[in-house]
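Visitor: the following block contains a protein sequence and its predicted model.
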Amino acid sequence: MREKLPLALLIIMGLFGLAYRFMPHPGAEAFNSYLRDTLLRIISAFALILGLGNLLLRHAHRIQKREQDWVHSWVLILGFGLTAIIGLLGGVAGEGSLPTKVGNFSFNITDIYNGLLIPLGASMFSLLAFYMASAAYRSFRAKTWLAAALLLSAFIVMLGQVPLGYQISPAIPQVTQWIMEVPNTAAKRGIELGITLGVLATFLKILAGIERSWLGSGR
Amino acid sequence: MNWDRFASLDRRYIFLLMALVIIIPILVPMNITMGTMRVTQDLFDTVDAIDRTKQALMISSDYTPQTEAENHPMIIALLRHAFARRIPVLINALYVEGAPLLDQALKQVTAEFNARATSHADSIIYGRDAVYLGWQPPPIVPILSMGQSIRGIYPVDYYGTRTDSLALTQWTHNYDQVGIVVAITSGTSPLWYVMYAQPKYGVKVGGGCTAVNAPDFYPYCETGQLSGIMAGMKGAAEYEALVAEKFDLEDRRKATEAMASQSAAHVLMMVLIVIGNIAFFATRGRKS
């Protein structure tokens, strides 16, 4: 029963999702809207709780077992707890029941977003430039003709993606555009078609009950 | 020449060089001329062609603070374009993390235009000229539901005001009143609109993406499923320039300001790759 009920639900919903596209009946439209606008959102809310619960349990486990860098898990748990309390009780801009200002120092959820999340997020992403430069210096080698062709096209695209390329020659951005529109598009289409066929095959296997690993059965 | 030293160069020197070539052009601004990629021009032309009496521009966003530097100037440029042309704007967020950034962008551009306004009619009025619909999860729900009813899926806006009380959302019922959805993304949200909303409701879709994601979108520009894109910070800078030139605006253009840094960083990368290759082949030959 633990397997049959979810499988039956999946098959019914999967078949409806497939058939709905070919049913112009208003009842089918209304039922689809109900599934999408109501049930999907309830499931999403539970998924959020499940995800957060799993994250906290995982880090609590790390602390308990004193795993490598377990102190970092405290940062996550404390950060999560403090932000949740400030957000839930302090209001969006400090208008809630929890005081979020000490003297001139304000720490409501908007301040945390503007003062911590934005700079930290931007810093993390900007580090990519440094690591990419270092990795490219060490690893990007023209060992074969194919690697050399890749290197050459990378140079053209890199130049075409900045105004300097246009200043060197207006043809460089045009060649960049050609690389993106022709060889890149050809490769992308091949990849996309492959992925889509894989998704379709997996969908059919799940719908037919052949693929059941999502039920936790291990098959 | 001792290439061994280059072959085993301490990466901290690379970090230092990269920091310098990024910081110096920011401190010493340079005026760099640039062309316009066709995909950027296409997006600009599509937005510019919206019949403002019948349709609005919808700006949809799923970017997060991580890619603010690349994506935020795109939102600013689009808002300036729409406000300069007096095209009404609907804004929504597909992910909660980026929702406050849209609020900041809307307030910034509204303040810029209102500082120049000479009358009430000339001003940008929230509710009449722009509405920030806020965030509704999960993304597929608003993307599909807006085809039936925008007010239905967004009963209140970002600020808690009922959308049936706002002038703009009273006449923008669904995608029929949306000239184009421009999805600004650090992922692939323009493709969600292409996959789900466009086949069913026929809405035009454009995009603004990080440079690293741009190759994903070109195939859809080729087929016309995407009306155009802003590809990375250069795309944002191109759009900024198009708007500034057409409407004679002199507001700050952050993506354009960053172009000198980006140019220098790309050149440094290329120089490093060339040196790395020379060092590799020089030392490999000696070792063998």
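Guide: Okay, I see it.
Visitor: from the chain's centre, how far out does the helix or strand where B:N71 lies sit?
Guide: Counting by DSSP states H and E, the element that carries B:N71 is helix B:68-85. With CA atoms, centre = their mean, to the nearest Å as the basis, the distance from the averaged C-alpha position of helix B:68-85 to the chain average is 7 Å.
Visitor: repeat for stretch A:110-128
Guide: With CA atoms, centre = their mean, you get 18 Å for stretch A:110-128.
Visitor: what comes into contact with that stretch?
Guide: With contact meaning CB atoms under 8 Å, 6 or more residues apart in numbering or on different chains, stretch A:110-128 is reached by A:83, A:86, A:92-94, A:100, B:64-69, B:97, B:100-101. Backbone N, C-alpha and C define where each C-beta goes, glycine included.
Visitor: so how do I select the buried members of the residues you listed in ChimeraX?
Guide: The following ChimeraX line selects those of these that are buried, judged by 16 or more other CB atoms under 10 Å in any protein chain shown:
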select /A:83,86,94,100 /B:64,65,66,67,68,69,97,100,101
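Visitor: between the contacts of stretch A:110-128, which sits nearest B:G35?
Guide: B:A69 (22.0 Å; CB to CB).
Visitor: quick check: pLDDT value at that closest one.
Guide: With respect to pLDDT, B:A69 scores 91.
Visitor: report the angle between the helix or strand harbouring B:I229 and helix B:68-85.
Guide: Per DSSP H and E, B:I229 falls inside strand B:226-231. Here the directions of strand B:226-231 and helix B:68-85 differ by 130 degrees (axes from the mean of the first three to the mean of the last three CA atoms, to 10 degrees).
Visitor: low-confidence bits of chain B, can you list those?
Guide: Under the criterion of pLDDT under 70, the regions of chain B flagged as low confidence span B:1, B:285-288.
Visitor: now with 90?
Guide: Applying pLDDT under 90 to chain B flags residues B:1-11, B:26, B:28-35, B:96-97, B:120-121, B:137, B:250, B:280-288.
Visitor: show me which positions of the helix ranked longest in it end up buried.
Guide: Of all the segments assigned as helix in chain B under DSSP state H, the longest by residue count is helix B:254-287. By neighbour count with 16+ other CB under 10 Å, helix B:254-287 contains the buried residues B:254-266, B:268-270, B:272-273, B:276-277, B:279-280, B:282-283.
Visitor: roughly how far is that helix from the heart of the chain?
Guide: Between the mean C-alpha position of helix B:254-287 and that of its chain there is a distance of 27 Å (CA atoms, centre = their mean).
Visitor: for the stretch 51-200 of chain B, which segments count as strands?
Guide: In order along the chain, the stretch 51-200 of chain B carries the following strands (DSSP state E, counting those that start in this stretch): B:56-61, B:89-93, B:130-135, B:178-185.
Visitor: do the same with chain A
Guide: Secondary structure of chain A, counting by DSSP state E: strands at A:101-102, A:105-106.
Visitor: which residue comes closest to residue 76 once chain neighbours are left out?
Guide: Defaulting to chain A. Nearest non-adjacent residue to A:L76, counting by CB to CB, 6 or more residues apart in numbering or on different chains: A:H59, 5.3 Å away.
Visitor: not quite, go with chain B.
Guide: On the basis of CB to CB, 6+ apart, the spatially nearest residue to B:I76 that is not a chain neighbour turns out to be B:A105, at 5.6 Å.
Visitor: quick check: B:Y201 touching B:Q177?
Guide: No: taking CB atoms under 8 Å as the contact criterion, B:Y201 and B:Q177 are not neighbours in contact, 11.3 Å apart.
Visitor: hmm, back to that, how about JSON lines for the strands of the stretch 51-200 of chain B, with distance to B:G152 and mean neighbour count added?
Guide: Compiled in JSON lines, those are given as follows (distance: least, CB to CB, whole Å; neighbours: other CB atoms under 10 Å in any protein chain shown):
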{"stretch": "strand B:56-61", "distance to B:G152": "15", "mean neighbour count": "26"}
{"stretch": "strand B:89-93", "distance to B:G152": "13", "mean neighbour count": "25"}
{"stretch": "strand B:130-135", "distance to B:G152": "12", "mean neighbour count": "23"}
{"stretch": "strand B:178-185", "distance to B:G152": "15", "mean neighbour count": "27"}
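Visitor: for the residue nearest to A:A147 when sequence neighbours are not counted, which residues are in contact?
Guide: Of all residues not flanking A:A147 in the chain, A:R141 sits nearest, at 6.5 Å (CB to CB, 6+ apart). In this structure, A:R141 makes contact with A:A147, B:G276, B:N277, B:F280, judged by CB under 8 Å, 6+ apart.
Visitor: most widely separated two among those?
Guide: Comparing every pair within the contacts of A:R141 by CB to CB identifies A:A147 and B:G276 as the most remote, at 12.7 Å.
Visitor: picking up where we left off before, adding distance to chain A, write the strands of the stretch 51-200 of chain B out as a markdown table.
Guide: Compiled in a markdown table, the strands of the stretch 51-200 of chain B are given as follows (distance: least, CB to the nearest CB, whole Å):
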| stretch | distance to chain A |
| --- | --- |
| strand B:56-61 | 15 |
| strand B:89-93 | 13 |
| strand B:130-135 | 12 |
| strand B:178-185 | 14 |
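Visitor: number of nearby residues for A:G91?
Guide: Number of residues near A:G91 (other CB atoms under 10 Å in any protein chain shown) recorded here: 16.
Visitor: give me the pLDDT for it.
Guide: You'll see A:G91 listed with a pLDDT of 85.
Visitor: kindly report the same for the one 4 residues further on.
Guide: Each residue has a pLDDT score; the one for A:E95 is 85.
Visitor: now do it against chain B, distance only.
Guide: Here the distance between A:E95 and chain B works out to 12 Å (CB to the nearest CB, to the nearest Å).
Visitor: over to A:V102?
Guide: Computed as CB to the nearest CB, the A:V102 to chain B distance reads 23 Å.
Visitor: tell me what that residue is bridged to.
Guide: Per DSSP bridges, residues listed as beta-bridge partners of A:V102: A:F105.
Visitor: how many residues are close by it?
Guide: When counting by other CB under 10 Å, one arrives at 8 neighbours for A:V102.
Visitor: what pLDDT does it get?
Guide: Predicted confidence (pLDDT) at A:V102: the value is 88.
Visitor: any idea which residue is closest to the centre of chain B?
Guide: In chain B, the C-alpha closest to the average C-alpha coordinate belongs to B:M74, at a distance of 3.0 Å (CA atoms, centre = their mean).
Visitor: secondary structure class of the nearest residue to that one once chain neighbours are set aside, three-state.
Guide: Once flanking residues are discounted, B:M74 sits nearest to B:G208: 3.8 Å by CB to CB, 6+ apart. Local secondary structure at B:G208 is given as strand here, using DSSP: H, G, I helix; E, B strand; the rest coil.
Visitor: CA-only coordinates of stretch A:175-190 in CSV, if you can.
Guide: Extracted C-alpha coordinates of stretch A:175-190, given in CSV (Å, rounded to 0.1, in the frame of the first residue of the first chain):
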residue,chain,number,x,y,z
VAL,A,175,32.1,37.0,-35.4
THR,A,176,31.2,36.6,-31.7
GLN,A,177,27.5,36.8,-32.7
TRP,A,178,28.1,34.2,-35.5
ILE,A,179,29.8,31.8,-33.1
MET,A,180,26.9,32.1,-30.6
GLU,A,181,24.2,31.8,-33.3
VAL,A,182,25.6,29.0,-35.5
PRO,A,183,28.1,26.6,-33.9
ASN,A,184,26.8,27.3,-30.3
THR,A,185,23.2,26.9,-31.4
ALA,A,186,23.9,23.7,-33.3
ALA,A,187,25.6,22.2,-30.2
LYS,A,188,22.9,23.5,-27.9
ARG,A,189,20.1,22.1,-30.0
GLY,A,190,21.7,18.7,-30.0
